[in-house]
Each structure stands twice: as structure tokens, then as C-alpha cells.
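Novice: Just a sequence and a predicted model for now, questions to come.
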Amino acid sequence: MAIRTRTVALLLGAAVVIGGGAVAGRMLFLPGPLDFAGGTRVALADYKGPSPIGVPAKLAHASLIEKGRYLTDAADCRACHTAKGGTPFAGGRPFKLPFGTLYTPNITPDKATGIGNWTDAQFLRAVHQGISADGTRLYPALPYASYALMPDADVLAIKAYLFSLQPVRQANLPNSFTFPYNQRWLMGFWGYFFNKDKRFEPIAERSPEWNRGAYLVEGPAHCGECHTPRTLAQAMNTRQKFAGGAAEGWNAYNITGDRTTGIGAWSKPEIEAYLATGHANGRSVASGPMREAVDLSFSKLTKGDIAAIATYLQTIPPIHSARLGAPAAFAAASHAQGPADNPIGKRVFEQACVSCHAWSGKGALVADAQLTAKKAVSDPTAANVALMVLQGTGPQTAGRPYMPGFARSYSDTEIAAVANYVTARFGTMPSKIAPRDVAKLRAE
Amino acid sequence: MLELSINGEAHHADVTADVPLLWVLRDVLGMTGTKFGCGIAQCGACTVHLDGQPVRACQLPVGLVGARKITTVEGVGATPAGAAVQKAWLDLDVIQCGYCQSGQIMSAAALIASTPAPSDADIDAAMAGNICRCGTYVRIREGIKKAAAEHHA
Ligand code: FES
Ligand code: FES
């Protein structure tokens, strides 16, 4: 009896160790960014065809600073390293993470408060490995796991551009991380497992356009940092590559080839229009952090690079998002049909929304205002709908139609109600967002 | 040069396609019956009709109008629904300061043209986006019911 009990206990113990080891192994050893594509990885020098790295051909003879500017745009450094209303690249933008708030640092060439004293080697080490000039570890909010794919020449071109800017004296703000997250040295382990620190290697069997797209998407544009879900250890879960993640309260939707919940049904020109202008007719309008990425980064890239990105994205294997509905057809043109159990939501919709969006969801004035078929209206969290209502969206340049924010016009209860009305009327997975969820989003 | 059909007449405006229709009406063509309130499609003061549908002219780039027929408050009295609304408005003294009323009349005329006997919910759905700082809402509701009854009698 005793022996049997011991055997069982031992077997159980072994199972736990093996099972736990397997789970840990799965968590620690994730596929690389291009593993899905198969084929033969070749060193850049051995790749036959135009180089997939660097700047597009039309900038081949530009100055190092101009090349650096293009790559800085491609890497969208400006979005994070600029505070709201602040000087570009002087830092200070807050990022609320689960463990505290992080403020981005000043990366202008000021010697006292910026990176004016950094050597090339220090800059490379920060961008590739997440180690600051003084040796402290940086949090992977700086997407160094993606930037590690960029060759030294591209990173140093960015440095040359940054060093050509006016230095701005603006001290960095301290982060508010609590123990143990304030123990920066622990990030060393994170980097050991989750940053392979390997430069981009093209795949011999793929076209030059595909390889260029792969480089841009996986390296500088760092799409996966928001669009790939994270593991418990906060690494990009590349087994769910591009199946949808999050950024600053927004859901960054599925951009795999899935036809209903990804972008598998989009044509290549639609993907290109979306990236270059923030709007693909009938498909999607970029809002929140993606609007920023379009305005500050993608809209500055050449047509050729946008086409390359689209070519590459169209090869991402489809993954279906269970928590995202398929697009719906247009809603009824009459207010009388549609959700009847949400009078507050309907009242807000008829006051503030219908004159641009129409009861049908087709959009009453401009095509961008179509609600039907947008991912946000079939997202049962309604997070993006609520954030658009709070913050507004669209190009806020003079004279262009845009959506104003309603944070100061409506209460949390009203915004939750109208978000639920919108998902029920125009989507296929009605939401139940609560006023307290809206209150949290308000704080984003 | 853009050609626009407004109140049954052809008008020409030398503007870029992204200028809002409201600016073209008021500043370029001098048709100031249509009012500017908020500029962000939130007050309804700038409402005009495109092929009979009420739209906010302040957020509509003029280049998107195309061949659709524009009706403004200057011309709406020539339509049966518009005439009925104007008569009810005078009978009931709906107007106070008047600033919002071009928009109210345009939204109301579109509503009664498409809805024979609008219920309170129909009126809410069509009119909630037209704001009146003077608070004439009660008379507007009454005016719409009266105009609808006469128009569809
Ligand atoms: S001015 Fe157009 S809705 Fe207010
Ligand atoms: S009558 Fe004065 S704003 Fe409506």
C-alpha cells in the first residue's frame, strides 16, 4: 500500500515537473517572427536581389540625416518620445502599464537631459538590447525585441537624424513602478529569453517586395508589439502572431489572413489605403494609437514601402478571433427598428451620432463615418467604441471632417449606454460595457 | 469650378473639394439663411437637404455633393412639406431668437415629407440633433404635428 502510494506520488510529481516544464518551455521558447514563412534564411550579403533593409531606392543618394529621418519615421520614434503638446522627441509621454506609469525619455541630443553624450555603441546597445548608456535595463515598452532586427547601419542613421535636431533641455520623469517591477536588472532575464538580438535575415525563396515588407513590419514598424497578444511574461506570443493585442486601452485588432475577424478579405489596395491615409473604404478607419501610427509613420513612407508591407501582411497565416464578431450588414434605415432595451443609448445616439453616422450605419456625410462592418462595432468589449466616443477620431486638420470627443458632454453611464447601443445596432457581438469600465478608459 | 444645384438653380463656386458646403453657401454664394452653430455636426443649425435628405452642411465636403440637389431654407418653402412647416411655425409662433430655426425647419420638413403622422419617438429620432438654445422644443414638437396633419390631410 505504502509503496503504491509512493509510486503514485512520484508519478504525479514527475507529471507536474514535466507538465510544468513543458508549459514553462512553451512560454520561454517562442517562434521567431519569420518562422511561419518557412524557406531558407540567408545572410543579407548573400541575398540575391535589392536589399530589403535601409531606405527606398529614391533616397539611395540622400544624406545620412535624410536617410535617418525616413527610418525614424518608419520606426515611429516620435509617437512615443513626444508628450502631448510637447517638443517632438523630448520625451515625457506617460504609458500606464499594469505595474505603474512609465514616462518616455528625452532623445534629443541635449547633453544633460537627452542622449547628446551617447556613443554609437551605446545607442546600438539601447536599441538592440534595451540597455541604457549607464548600463541600466530598459523596459520593453521600448520595442527592442523588434528593433533588434534592424542592422547597425539603419540604427545609426536614426542616431544621425536625432543628433541633427535642436537639443531640448527637459529632464526625464521618474517611473512609478513598484517592487518588484522597479528592479530593472530583472529585465535582463526578460531580454535573455525574449529578445533574440538577431538582425534581419531575408528568405531566399520570397520576392524582394515580400522581404522588404517583412523587414519593415517586423523591425522598424514593430506591428506585432500591439497586434500580437502577450504571454504572461509580457513577451509577444508569436504562436498567435498578429491575432490581436492591445495598446493604451484600445484593442489592436486581428491583422492575420482570417477572412471575418482579420484582414483576409481586404484587397491589397485596401490595406495600402488604410496605411497611407488611415481609411479603407467600408473596411476600417484608424483611430487612437493606430491613427498616430498612420499620421506620424505610415503616411510618410513611399508607395513602394506601403505596397511591400501589404504584400507581406497578406501572407500572415489566418487565426480566427473567437471574441470578435463577423461584419454585419447595414442596419435598418428607421430608428424604430433595432435594439429596444437601451433607451439611454438610443437617446445619446439620436442626439450626438445619427447626423453623421445615420441610423443605417452607412454614414450620412462622408464614407469614413460608416459604422457598419468596422471591427470596433463587433467587439464585445466595446473598448474602442467607448474610446472613440470619449476622445474623438479622424484627421483633426482644419476643414476636414472629424469626430469630436464627447468626454465632457456625456457621463460614464451615457457613454457606456451608447457604446452598447452601437454594438447592438451595427455589430454581431453586442457588448455590455459598464460605466465603471468607461471611467477607467477615461483615465487612459 | 464646381457646379451645384441649389433650390432648383445652377450655381458655380471656385473652391477646392474639401471646403465644407456650409462655407460655400454662406461665404462664397452669400446664402446666409443657413446658419453656422458648432461646425462639428452637433447642433443642426446648418441643416440643408440633399435630394430631400437632411444633412449637416458644416461637415460635408462640397466635393462630395456631386449631382445631388441641394435645398436650403431659402428654397424649402417651395416644397409642400416645407410650406406646411413654415405655416405651422407662423401659426404657433414657434420661433424665439430664430438662430437655430433654419435648421429646425429643414429637419422638420424632411421628417414630415417621409412620415405621415410622426410619433414622439419619430420626432426625437429626427430632431434630437437640432439644438435650440432658447428651448422652443415644445412648440417645435407641436408645430411638426400640426404641419404633418395639414400636409397629409
Ligand atoms: S454648424 Fe453644423 S451642426 Fe452645428
Ligand atoms: S430659437 Fe433661439 S436658438 Fe432656437
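Specialist: That came in fine, so what should we check first? Ligands and ions are numbered 1, 2, ... in the order given.

Novice: Which residue is the nearest non-sequential neighbour of the closest residue to ligand 2 within chain A?
Specialist: With CB to the nearest ligand atom as the measure, residue A:351 is the residue of chain A nearest to ligand 2, at 15.6 Å. C-beta: built from backbone N, CA, C; applies to glycine. Spatial nearest neighbour of residue A:351, excluding adjacent residues (CB to CB, 6 or more residues apart in numbering or on different chains): residue B:128 at 4.4 Å.

Novice: Could you verify my assumption that the one you found touches residue A:346?
Specialist: No - using CB atoms under 8 Å as the test, residue B:128 is too far from residue A:346 to be in contact (9.6 Å).

Novice: List the contacts of residue 51.
Specialist: In the absence of a named chain, this looks at chain A. residue A:44 (CB atoms under 8 Å, 6 or more residues apart in numbering or on different chains).

Novice: ah, I was thinking of chain B
Specialist: Contacts of residue B:51 by CB under 8 Å, 6+ apart are B:68, B:69.

Novice: Could you check how far it is from ligand 2?
Specialist: 26 Å (CB to the nearest ligand atom, to the nearest Å).

Novice: Local confidence estimate at that residue?
Specialist: Looking at residue B:51, its pLDDT is 96.

Novice: and it, backbone torsions?
Specialist: The phi/psi pair for residue B:51 (degrees, to the nearest 10) reads phi 50, psi 40.

Novice: out of everything not next to it in sequence, what's closest to residue B:105?
Specialist: Per CB to CB, 6+ apart, closest to residue B:105 is residue B:85, 5.4 Å.

Novice: Which positions in chain B make contact with chain A?
Specialist: Taking CB under 8 Å from any CB of the partner chain as the contact definition, chain B meets chain A at B:18-20, B:40-42, B:44, B:53, B:55-56, B:59-61, B:64, B:121-122, B:124-126, B:128-129.

Novice: Who are the contact partners of residue 37?
Specialist: I'll assume chain A. Counting by CB under 8 Å, 6+ apart, residue A:37 makes contact with A:203, A:206, A:214, A:315.

Novice: Chain B, not that one
Specialist: Contacts of residue B:37 (CB under 8 Å, 6+ apart): B:43, B:44, B:45, B:46, B:58, B:99, B:100, B:103, B:131.

Novice: check those against ligand 2, which are close?
Specialist: B:99, B:100 (CB under 6 Å from any ligand atom).

Novice: Please identify which pair of the contacts of residue B:37 lies farthest apart.
Specialist: Using CB to CB, the two most remote members of these are B:58 and B:99, lying 14.3 Å apart.

Novice: For residue A:179, grab the count of nearby residues.
Specialist: Using other CB atoms under 10 Å in any protein chain shown, residue A:179 has 7 neighbouring residues.

Novice: returning to that earlier point: any idea which of the contacts of residue A:37 has the most stuff around it?
Specialist: residue A:214 (26 neighbours).

Novice: Now that one. Nearest residue, chain neighbours left out?
Specialist: Closest to residue A:214 by CB to CB, 6+ apart is residue A:312, at 5.0 Å.

Novice: Mind telling me what element that neighbour is part of?
Specialist: Under the criterion DSSP states H and E, the helix or strand holding residue A:312 is helix A:303-313.

Novice: contact partners of that helix?
Specialist: A:56-57, A:74, A:207, A:209-210, A:212-214, A:216-217, A:221, A:242, A:255, A:263, A:268, A:271-272, A:275-276, A:298, A:301.

Novice: got it, and stretch A:187-203?
Specialist: Residues outside stretch A:187-203 that contact it (CB under 8 Å, 6+ apart): A:28-30, A:32, A:34, A:37-44, A:47, A:52-53, A:128-130, A:137-140, A:144-145, A:148-151, A:210-211, A:214-215, A:218-219, A:233-236.

Novice: from those residues, which ones fall inside helices?
Specialist: Judged by DSSP state H, those include A:28, A:128, A:129, A:144, A:145, A:210, A:211, A:214, A:215, A:218 as members of helices.

Novice: Tell me which two in these are the farthest apart.
Specialist: The most widely separated members of those are A:28 and A:210, with 29.5 Å between them, by CB to CB.

Novice: Nearest residue to the one residue in the stretch 201-350 of chain A that gets nearest to chain B in space, please, no chain neighbours.
Specialist: Residue of the stretch 201-350 of chain A nearest chain B, by CB to the nearest CB: residue A:335 (3.5 Å). Excluding the flanking residues, the one nearest residue A:335 by CB to CB, 6+ apart is residue B:125, at 3.5 Å.

Novice: Residue B:144 now?
Specialist: Nearest to residue B:144 is residue B:108, by CB to CB, 6+ apart, at 5.1 Å.

Novice: residue contacts, residue 118?
Specialist: No chain specified, so I'll use chain A. By CB under 8 Å, 6+ apart, the contact set of residue A:118 is A:126, A:133, A:159.

Novice: Actually, chain B is the one I wanted.
Specialist: B:111, B:112, B:126, B:144, B:145, B:148.

Novice: how about residue A:246, secondary structure?
Specialist: Classification of residue A:246 by DSSP: H, G, I helix; E, B strand; the rest coil places it in strand.

Novice: picking that back up, could the contacts of residue B:118 be laid out in CSV, adding neighbour count?
Specialist: Conversion of these to CSV gives the following (neighbours: other CB atoms under 10 Å in any protein chain shown):
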residue, neighbour count
B:111, 21
B:112, 29
B:126, 23
B:144, 28
B:145, 17
B:148, 24
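
Novice: before we move on, back to that, the residue nearest to residue A:335 against residue A:333, yeah?
Specialist: No - in this structure residue B:125 lies outside contact range of residue A:333 using CB under 8 Å: 11.1 Å.

Novice: Those two: which has the busier surroundings?
Specialist: The neighbour count for residue B:125 versus residue A:333, taken as other CB under 10 Å, is higher for residue B:125 (22 against 13).

Novice: And for the helix or strand where that one lies, what's in contact with it?
Specialist: Per DSSP H and E: residue B:125 is located in helix B:120-127. The contact list for helix B:120-127 (CB under 8 Å, 6+ apart) reads A:335-336, A:347, A:350, A:354, A:359, B:54, B:104, B:107-108, B:110-111, B:115, B:118, B:140-141, B:144.
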